[in-house]
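1. Pasting the sequence and the predicted model now:
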Amino acid sequence: MDIGSLAANGFSWYMMQHQSAQGDSTSALTLSSVKAVSMNFSHQIVQYLLSGFSTGAIYSLIGLGFAIIYNSTGIINFAQGEFVMLGGMLTYFFLTVAGIPLFASIILSVIIATATGVIFERLAIRPLRNATPLSLVIITIGGSIFIRGIAMLVWGKDTHAIPMFSGTEPLFLAGATILPQHLWIFGITILIIVINKLYFYYSISGKAMRACSYNRNAASLVGIDVRRMVLFSFAISSAMGSVAGMIAAPLTMTSYDVGVMLGLKGFCAAIIGGMSSGIGTVLGGLILGVLESLGAGLLSSGYKDAIAFIILLLILFIRPRGIFRKAETERV
Amino acid sequence: MSHMKKEMIKFLLFTAAVIITPLFFSGGYLMNVLVFVGINTMLAIALNLLLGFAGQISLGHAAFFGLGSYISGVLTATHGFDPWLAMLIAAIATFLMAFLLGFPILKLKGHYLAMATLGFGIIVYISLNETVGLTGGPSGLSGIPNLQISSLLFDNDVKNFYLIWTFALVTILLSTNLANSRIGRALRAIHDSEIAARVMGVNASFLKVQIFALSALISAVAGSLYAHTMTFISPASFGFNFSVELVTMVVIGGLGSIYGSLLGAALLTLLPEFLRTFQDYDIIVYGLLLIVMTMFMPGGLVRGIPGLFGALLPKRMEGGGENA
């Protein structure tokens, strides 16, 4: 199953579970039609907004990963989506296959995904000091194919499910159904954004990383170890990507190839936000998630992924540098 | 002029090599693979015109390939058009679409351009999947007729080999001429610095759109040829992965080198065939090769292979100099 199911809102997920529990197709059918009638239009909109925000939160986290690496290195890391995939798949492995408790599984998964990111930077990015941006793009694409291939060998091509973090009993909010997992997504996303902000503005290494994003040469002149900052940026991004993957996985299921589309959507969010590693990308992700969810719900679910990219093209045609960035003059 | 003469000799030698190739592999499975090498060569050269010469990235070139394929396929299989006419319509339609798209999209630069072309590619890919009534959706479109010249029907690998490679050779010839013309120099000027090129009187934005549309046109012709030789097409051949594969062919072969694209296309088409013995491991080897090739041959094969020899030779000469 692809990430399309992420936009499948809590309500329909609840219905799905209910139907399979009933095991009787006719009664399940009447139940769903009764529910569908009772759910009026404004409730539907609230529902789409809610699921849009939760999808958008995931996109924001992935997009921030793109932006952090881009700002410290100028590299677009096309392997970012694979860390998202690793987050979900590793959690699946530790939680479901190895039977390790949830919290420990999460910690282990983040550690392994981060280590993968660090190893990737050391082996593939650092040796290339004077590479063109294009060959760096190719290298990260090669890295993503490699990581995906390994995941396919280890876990196979099947789609795997992860249990919800805290039960499946839905809550009702303003006429919309919301699953506890949605709250997990919102909570963890906000937590990560806050930690991110604190790190970048109140810690020495965070400030050093910001200095690198303004001007790498100047940063190295004042004694900042730029190469270490590049390593940090890969570590932070892969950790954030893996967290995004594991909080989304209980709603979407996960497989070795979910990283491609999720990565692209995260990249979209970062582009809409003008590649800022702050609030711009977060808003970009939320806008993307909400528009996608509304489009899928009200227009056509088959074109859901296309909607995101049509919006992206329109934004790029009208505001070529993202909506949250002032126009810049190019220096010759 | 001597440069052009050298290019001509290179081209004629290569043409001769192509003509005699089927004598050695006739009928074998490799013949079929070489047909694909021809199609991918056209695509890689088309992308190289844009990426290597004008310096504009496209991560959605599989879309033009797909549009060419599907316009040809639908017109012939569903509406009974003559294949050659369908091919012409596909080429013109794709050219016009790229031309119109080129104006807004080529205003973007760098990663924004990469993202926009990528988005366009995905939109086309999804549309091919979703318009089931027209394209047959994910299960594909079958019953596309072979091309035919009077009584000569291109229905086997050897005939297709000559058909495809005729087009590929024409593409090589035209691109070589274009690269060595005033336009080729203007494109390289844009590649180095768009603003400097503008100052020198190059109409950069219009030239970029023209080369984008030309690149799309060649891709569409390759797409039509693909549809008529395969007689079956499905959207899976025209996704994001294939766009990436095309960029890889160009970069591994060598940016801005026509024969480099040929090498890149040949390598990336033949490689999976050899890696097939590894079964599921092939994707890992493929990813590793991408990384290793880019790390150790950043100029691509055309510059990397002579570079390997070059790295050995000067060392000896230096050693000799120290002794003396």
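-> Structure's in. What do you need? Numbering: from 1, shown residues only, chains lettered A, B, ... in the order given.

2. what's the spacing between the closest residue to residue A:272 other than its chain neighbours and residue A:48?
-> Spatial nearest neighbour of residue A:272, excluding adjacent residues (Cβ to Cβ, 6 or more residues apart in numbering or on different chains): residue A:284 at 3.4 Å. Bear in mind the C-beta positions are built from the backbone N, C-alpha and C, glycine included. Going from residue A:284 to residue A:48 by Cβ to Cβ, to the nearest Å gives 19 Å.

3. which one of these two has more residues nearby?
-> Higher neighbour count among residue A:284 and residue A:48: residue A:284, with 31 against 21, using other Cβ atoms under 10 Å in any protein chain shown.

4. correct me, but the residue nearest to residue A:272 touches residue A:269?
-> Yes: in this structure, residue A:284 is within contact of residue A:269 by Cβ atoms under 8 Å, at 4.1 Å.

5. residues shared between the contacts of these two?
-> A:59, A:60, A:63 (Cβ atoms under 8 Å, 6 or more residues apart in numbering or on different chains).

6. Residue A:263 is in contact with the last one, correct?
-> This points to residue A:63. No: using Cβ under 8 Å, residue A:63 is not in contact with residue A:263, being 9.8 Å away.

7. Which one's more surrounded, the two?
-> Set residue A:63 next to residue A:263 and count neighbours by other Cβ under 10 Å: residue A:63 wins out with 33 against 25.

8. What strand or helix carries the more buried one?
-> helix A:41-73 (DSSP states H and E).

9. mean confidence for that helix?
-> Averaging pLDDT along helix A:41-73 gives 89.

10. tell me which parts of the stretch 151-300 of chain A are close to chain B?
-> For the stretch 151-300 of chain A, the contact set with chain B under Cβ under 8 Å from any Cβ of the partner chain comprises A:152, A:153, A:260, A:264, A:267, A:268, A:271, A:275, A:300.

11. count of residues packed around the second one?
-> Residues contacting residue A:153 under the criterion other Cβ under 10 Å number 14.

12. Report the contact partners of residue 208.
-> You didn't pick a chain, so chain A it is. Residue A:208 touches A:219, A:224, A:225, A:229, counting by Cβ under 8 Å, 6+ apart.

13. actually it's chain B I care about, not the one you picked
-> Per Cβ under 8 Å, 6+ apart, neighbours of residue B:208: B:54, B:56, B:102, B:106, B:190.

14. helix/strand/coil for it?
-> Under DSSP: H, G, I helix; E, B strand; the rest coil, residue B:208 falls in the helix class.

15. ok, now how distant is residue B:195 from chain A?
-> Counting by Cβ to the nearest Cβ, to the nearest Å, the gap from residue B:195 to chain A is 5 Å.

16. which element is that residue on?
-> Counting by DSSP H and E, residue B:195 is found in helix B:194-199.

17. for that helix, packing partners?
-> Applying 3 or more Cβ pairs under 8 Å, 6 or more residues apart in numbering or on different chains; DSSP states H and E, one finds that helix B:194-199 contacts helix B:182-192, helix B:204-230.

18. Out of those helices, the one nearest residue B:124 is which?
-> Minimum separation from residue B:124 across those (Cβ to Cβ) falls at helix B:204-230, 11.5 Å.

19. Just the buried residues of the closest one, please?
-> Along helix B:204-230, these residues count as buried under the neighbour rule (16 or more other Cβ atoms under 10 Å in any protein chain shown): B:204, B:207-230.

20. repeat for stretch A:150-161
-> A:150, A:151, A:152, A:155, A:160.

21. Give me the below-cutoff pLDDT ranges for the chain.
-> You didn't say which chain, so I picked chain A. A:1-39, A:129, A:321-332 (pLDDT under 70).

22. meant chain B actually
-> Looking along chain B with the criterion set at pLDDT under 70, you get B:1, B:26-27, B:277-280, B:282, B:307-324.

23. If you tally nearby residues, what's the number for residue A:93?
-> Residue A:93, neighbours per other Cβ under 10 Å, totals 19.

24. Would you mind measuring from it to residue A:299?
-> In terms of Cβ to Cβ, residue A:93 sits 37 Å off from residue A:299.

25. Ok, residue B:4 next?
-> 55 Å.

26. how about the nearest residue to residue B:301 once chain neighbours are set aside, secondary structure?
-> Setting aside the residues directly before and after it, residue B:301 is nearest to residue B:263 in space (Cβ to Cβ, 6+ apart), at 4.7 Å. Classification of residue B:263 using three-state DSSP returns helix.

27. The closest residue to chain B within the stretch 151-300 of chain A - nearest residue in space that isn't next to it in sequence?
-> Closest to chain B within the stretch 151-300 of chain A is residue A:271: 5.1 Å, counting by Cβ to the nearest Cβ. Spatial nearest neighbour of residue A:271, chain neighbours left out: residue B:115 (5.1 Å); criterion: Cβ to Cβ, 6+ apart.

28. Now do the contacts for residue B:40.
-> Counted by Cβ under 8 Å, 6+ apart, residue B:40 has contacts B:246, B:249, B:265, B:266, B:268, B:269.

29. now with 10 Å?
-> Residues counted as contacts of residue B:40 (Cβ atoms under 10 Å, 6 or more residues apart in numbering or on different chains) are B:65, B:168, B:222, B:226, B:242, B:245-246, B:249, B:261-262, B:264-269.

30. so which of those residues are also by chain A?
-> residue B:245 (Cβ under 10 Å from any Cβ of the partner chain).

31. And the contacts of residue B:40, which is closest to chain A?
-> residue B:245 (9.7 Å).

32. so what secondary structure elements neighbour the helix or strand where the closest one lies?
-> Applying DSSP H and E as the criterion places residue B:245 in helix B:240-253. Counting contacts by 3 or more Cβ pairs under 10 Å, 6 or more residues apart in numbering or on different chains; DSSP states H and E, helix B:240-253 packs against helix A:133-155, helix A:259-272, helix B:29-48, helix B:61-73, helix B:110-130, helix B:258-275, helix B:282-296, helix B:301-323.
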